[in-house]
Structures are given as C-alpha cells and as structure tokens.
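# Let's see this in three dimensions:
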Amino acid sequence: MKLSLIAIGKPGRGPEAALADDYARRATLAGRPLGLGPLELIDLEPRKAGKAPEAELILGAAEGAHLIACDERGKAWSSRAFAEHVALLRDRGERRLAFAIGGADGLDESVRARAGSLLAFGPQTWPHALARAMLAEQLYRAVTILAGSPYHRD
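Residues are numbered from 1 along each chain as shown. Model (predicted):
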C-alpha cells in the first residue's frame with residue numbers, strides 16, 4: 001500500500017523539512033518488506049487563498065486513496081493503535097493511504113467529509129512544517145511497530 005502525506009504549503013529548507021524527508025526515507029525503506037510504501041511527501045501550493053481552493057487540490061491529490069484528514073476534531077490515536085489502523089487498511093486491500101494536512105485555516109468541510117477518519121495530534125495547534133514532520137515520524141514509527149523493531153517502546 002502506497003503512503004502519501006499531502007500538505008498545503010511548501011515546507012522550506014529548514015530543519016523540519018529535513019526531518020520529514022528523513023522519516024519518509026526511513027519509512028519507505030523499512031516498509032517495503034511489509035507491503036507499505038513508498039511514503040511520498042506531496043506539497044501543494046494553491047493559486048487562490050482559502051480553504052475551498054486548498055480542498056480542491058487535496059482531494060485531487062488523494063483521488064483513489066483512503067483519506068485520513070489531520071484535524072483537531074479527530075481522534076488522537078496511540079502510536080500502536082495508529083500502526084494497527086494502517087495495517088488494517090493494508091490488509092483490507094487498500095492500495096493507497098493518503099494523509100491530509102490543511103493550510104493555516106485548517107481543512108475545508110469537503111475534505112473532512114471525504115475522509116475515512118480524522119487524526120488529531122492533540123488539542124494544541126502545531127506549526128505546519130512541524131505537523132508534517134510529526135506525521136512522517138508517526139508513519140515511520142507505525143512501520144517499525146508492524147515490523148517488530150525495537151524503535152517504539154510502550
């Protein structure tokens with residue numbers, strides 16, 4: 001199952017971008033034997049401001065995928081539960097799993113409505129580039145949990 005992290009905005013060249021790239025590379029390498037990956041980072045830059053133009057880009061990039069939207073109203077899964085959810089979707093026959101991170105104003109209702117589930121990083125507000133890196137790390141962590149690696153400790 002291919003994995004995509006779809007985010008509005010460009011991450012720049014800062015440490016958060018390097019961190020997300022590193023975790024995406026690690027998840028890709030570790031996930032291959034498990035039928036997970038590659039983990040693709042997709043950064044979208046809308047031409048018009050607002051949630052509706054962002055939603056159009058997100059939904060286009062996630063076409064055909066099982067979509068999980070990152071939203072403060074979502075469920076805050078433990079790392080192990082998150083890994084089990086990814087495995088369940090893979091074992092159910094999903095060919096692609098896409099995660100969406102909206103812009104500064106969050107996600108349009110159309111993205112939340114289309115999503116199979118909503119994922120929250122807790123009640124705090126996180127910088128966009130950091131949320132992208134955190135999600136890439138959690139995907140890597142999910143892969144290592146499923147592989148039985150000692151990376152994750154309960």
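# got the residue ranges for the strands in the protein?
Taking DSSP state E as the criterion, the chain contains strands spanning 2-8, 39-44, 66-75, 96-101, 117-119.
# tell me the most buried of those strands?
Most buried of the strands of the chain by mean neighbour count (mean count of other C-beta atoms under 10 Å) is strand 96-101; its value is a mean of 24. Glycine gets a C-beta too; all of them are placed from N, C-alpha and C.
# about what we covered before: okay if I get the strands of the chain as TSV plus distance to residue 148?
What follows is these, written out as TSV (distance: least, C-beta to C-beta, whole Å):
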stretch	distance to residue 148
strand 2-8	19
strand 39-44	19
strand 66-75	24
strand 96-101	21
strand 117-119	24
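# so can I have CSV of those showing mean pLDDT and distance to residue 140?
Listed next are these as CSV, based on pLDDT from 0 to 100; distance: least, C-beta to C-beta, whole Å:
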stretch, mean pLDDT, distance to residue 140
strand 2-8, 98, 10
strand 39-44, 97, 8
strand 66-75, 95, 16
strand 96-101, 98, 13
strand 117-119, 96, 15
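# of these, which approaches residue 136 most closely?
strand 2-8 (6.1 Å; C-beta to C-beta).
# Quick one: list the elements packing against that closest one.
On a contact count with 3 or more C-beta pairs under 8 Å, 6 or more residues apart in numbering; DSSP states H and E, strand 2-8 meets helix 15-31, strand 39-44, helix 51-61, strand 96-101, helix 128-147.
# and of those, who's closest to residue 109?
helix 51-61 (8.2 Å).
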